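Trainee: Here is my input, please return the structure:
(one chain, ligands or ions: 1)
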Amino acid sequence: MENNTRGTWGTRIGFIAAAAGSAVGLGNIWKFPYITGMYGGAAFVIVYLLFVVLVCIPVMSSELLIGRLTSKNPVGAFKELAPKSSWWLVGAMGILAGFIILSFYSVIGGWAISYIFKSGAYMASGGENAANVFVGFITSPVAPLVWHAIFMAICIGIVMAGVEKGIEKYSKILMPALIVLMLILIIRSVTLPGSTAGLSFYLNPDFSKLSAEGILAALGQAFFSLSLGMGCMITYGSYLKKDSNIPTDSYWISGADTVIALLAGLMIFPAVFAFGLEPGAGPGLTFITVPAVFASMGAIGHFFGILFFTLLTFAAVTSAISLLEVVCAYFIDEAKWSRKKATVTMGIIIFLIGVPCSLGQGVWSHIKIIGGRDILDSLDFVASNIFLPLGGFLMLIFIGWFWGTDKAIKAGNEGAAKGGITLGSGYAFLVKYVAPIALIIVFIMKVMEF
Ligand code: TRP
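Mentor: Okay, the predicted model is just below:
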């Protein structure tokens with residue numbers, strides 16, 4: 001794909017696989033379990049699910065329909081729908097969020113790749129040492145940076161070739177493989193002695209554990225996991241053909257993403273309790289718990305370990321390229337850069353922003369920015385919990401109160417007549433009232449807590 005000729009997705013299932021590939025990633029398997037663990041378990045999960053249904057699915061349809069209608073990157077899309085206004089700033093904020101997210105995402109992606117080769121270390125240690133292996137690795141100054149660079153290089157290579165080639169093909173095979181492997185690990189996890197406490201932590205809600213901070217985190221996580229609020233789905237929608245069924249596809253993508261996140265929790269929490277680990281341990285949770293599960297499996301654990309981290313890497317790459325694609329699509333469309341120049345330049349800048357995130361785990365771990373968070377967590381907090389929900393909120397206000405839900409419904413339903421779900425008064429009601437009011441309440445609650 002050269003310069004300004006825009007490709008389109010090959011098939012409907014290919015688009016769903018690519019969009020679900022964007023959504024399903026480290027957010028589901030790494031972040032969802034550890035955030036759920038930090039904010040108390042089942043009650044957090046319920047709030048998360050409410051946000052997915054009431055806020056995120058409408059936002060997903062909205063982003064896709066704006067993208068398909070305009071065939072533009074987020075900034076270009078808002079400029080086209082609302083010329084001579086400042087709405088394009090919403091798209092610009094999204095692109096900034098993409099920058100920030102990808103910088104730390106690539107660091108964690110690097111961890112995932114490196115773990116493909118670590119089965120020797122964590123298996124030999126019999127599992128107890130899984131935590132030491134992890135901490136030893138992320139606190140070292142150089143190795144994580146090398147993996148971060150490799151991860152970023154892979155993303156640059158793919159985005160340079162054009163997102164719509166390749167990704168479709170691999171997503172269709174590897175996503176189901178990931179699900180099957182997770183099911184095997186869930187069975188192992190729930191049959192470990194002492195795992196039932198984990199199940200009850202994950203499935204029995206205790207609402208007294210829920211804080212305003214936790215509710216905001218659930219909101220941020222829902223946006224993050226579904227790749228919303230920064231124009232990622234606007235960009236992916238811009239490669240959609242006119243006969244694609246946006247309302248139904250939104251459900252499929254959101255459903256697949258949510259199921260995989262829920263499965264990840266089922267895989268992690270029983271094992272966390274079985275091994276006497278701390279559910280609120282933070283970003284290391286998955287990287288410590290899952291290897292401990294493999295170590296408990298005997299020799300076959302090596303095989304599953306290598307397979308799991310390979311699939312996790314793949315899931316992370318399909319998400320990361322969607323982030324890089326958004327940033328690059330902007331420079332290609334608006335600044336008329338070549339695809340190559342955009343991907344290489346932006347890839348390198350994003351890599352550099354990731355460097356302090358990685359060093360913040362070890363040599364710079366004394367640097368705390370927001371509320372005691374290290375550099376990586378602080379960037380994540382600002383991007384996920386503030387920029388993404390704010391971007392989603394402004395987009396809903398734009399559609400609901402400026403551009404008009406009638407136009408959105410008309411644009412979104414094109415191609416949807418072949419049966420299935422269509423956008424209608426329910427969508428309009430969510431977009432105009434329910435979702436924005438919910439977001440305002442969450443923000444106010446969070447601010448009042450300070
Ligand atoms: N959703 C991805 C994950 O869960 C991450 C991601 C990809 C993302 N594109 C995004 C997050 C756009 C926010 C916005 O791992």
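Trainee: okay, Gly37: pLDDT?
Mentor: As predicted, Gly37 sits at a pLDDT of 96.
Trainee: where's it relative to the ligand, distance?
Mentor: Gly37 sits 17 Å away from the ligand, going by C-beta to the nearest ligand atom, to the nearest Å. In short, each C-beta sits where N, CA and C put it, glycine included.
Trainee: again with Ile66
Mentor: Counting by C-beta to the nearest ligand atom, the gap from Ile66 to the ligand is 15 Å.
Trainee: Would you confirm that that residue contacts Ala77?
Mentor: Yes - contact criterion C-beta atoms under 8 Å: Ile66 and Ala77 qualify, at 5.2 Å.
Trainee: joint contacts of those two?
Mentor: Ile234 (C-beta atoms under 8 Å, 6 or more residues apart in numbering).
Trainee: Setting the sequence-adjacent residues aside, check what's closest to the most centrally placed residue in the chain.
Mentor: By C-alpha atoms, centre = their mean, the mean C-alpha position of the chain lies nearest to Ser225, the distance being 3.5 Å. Spatial nearest neighbour of Ser225, excluding adjacent residues (C-beta to C-beta, 6 or more residues apart in numbering): Gly27 at 4.1 Å.
Trainee: any low-confidence regions in the protein?
Mentor: Residue ranges of the chain with pLDDT under 70: 1-6, 125-128, 163-169, 417-419, 450.
Trainee: which bits of it sit near the ligand?
Mentor: Taking C-beta under 6 Å from any ligand atom as the criterion, the neighbours of the ligand within the chain are 22-23, 25-28, 101, 224-225, 227, 230, 232, 319, 322-323, 388.
Trainee: Going by distance to Val52, which of these wins?
Mentor: Ser225 (8.3 Å; C-beta to C-beta).
Trainee: And the residue of the chain that's closest to the ligand?
Mentor: Nearest residue of the chain to the ligand, counting by C-beta to the nearest ligand atom: Gly27, 2.1 Å away.
Trainee: Near that residue, how many other residues are there?
Mentor: 28 (other C-beta atoms under 10 Å).
Trainee: Tell me which helix or strand Leu376 sits in.
Mentor: helix 375-380 (DSSP states H and E).
Trainee: so what does that helix touch, helix or strand wise?
Mentor: helix 88-116, helix 339-359 (3 or more C-beta pairs under 8 Å, 6 or more residues apart in numbering; DSSP states H and E).
Trainee: Comparing the ones you listed, which comes out most buried?
Mentor: Neighbour counts (mean count of other C-beta atoms under 10 Å) averaged over each of those peak at helix 88-116, with a mean of 25.
Trainee: which residues are contacting stretch 360-380?
Mentor: 100-101, 103-104, 107, 138-141, 144, 283, 353, 356-359, 381-382.
Trainee: Give the buried residues for it.
Mentor: For stretch 360-380, the neighbour count (16 or more other C-beta atoms under 10 Å) marks Gly360, Gln361, Gly362, Arg373, Asp374, Ile375, Leu376, Asp377, Ser378, Leu379, Asp380 as buried.
Trainee: then it to CSV, C-alphas only?
Mentor: C-alpha atoms of stretch 360-380 as CSV (Å, rounded to 0.1, in the frame of the first residue of the first chain):
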residue,chain,number,x,y,z
GLY,A,360,11.7,2.7,35.8
GLN,A,361,11.3,-1.0,36.7
GLY,A,362,14.9,-1.2,37.9
VAL,A,363,17.6,1.5,37.9
TRP,A,364,15.0,4.3,37.9
SER,A,365,12.5,2.6,40.2
HIS,A,366,12.9,5.5,42.7
ILE,A,367,11.2,7.8,40.2
LYS,A,368,7.5,8.0,41.1
ILE,A,369,5.2,10.3,39.1
ILE,A,370,1.5,10.0,39.7
GLY,A,371,0.3,8.9,43.2
GLY,A,372,3.3,6.7,43.8
ARG,A,373,3.2,5.1,40.4
ASP,A,374,6.4,4.3,38.5
ILE,A,375,7.0,5.8,35.1
LEU,A,376,5.3,3.0,33.2
ASP,A,377,2.2,2.9,35.5
SER,A,378,1.9,6.7,35.4
LEU,A,379,1.8,6.8,31.6
ASP,A,380,-0.7,4.0,31.6
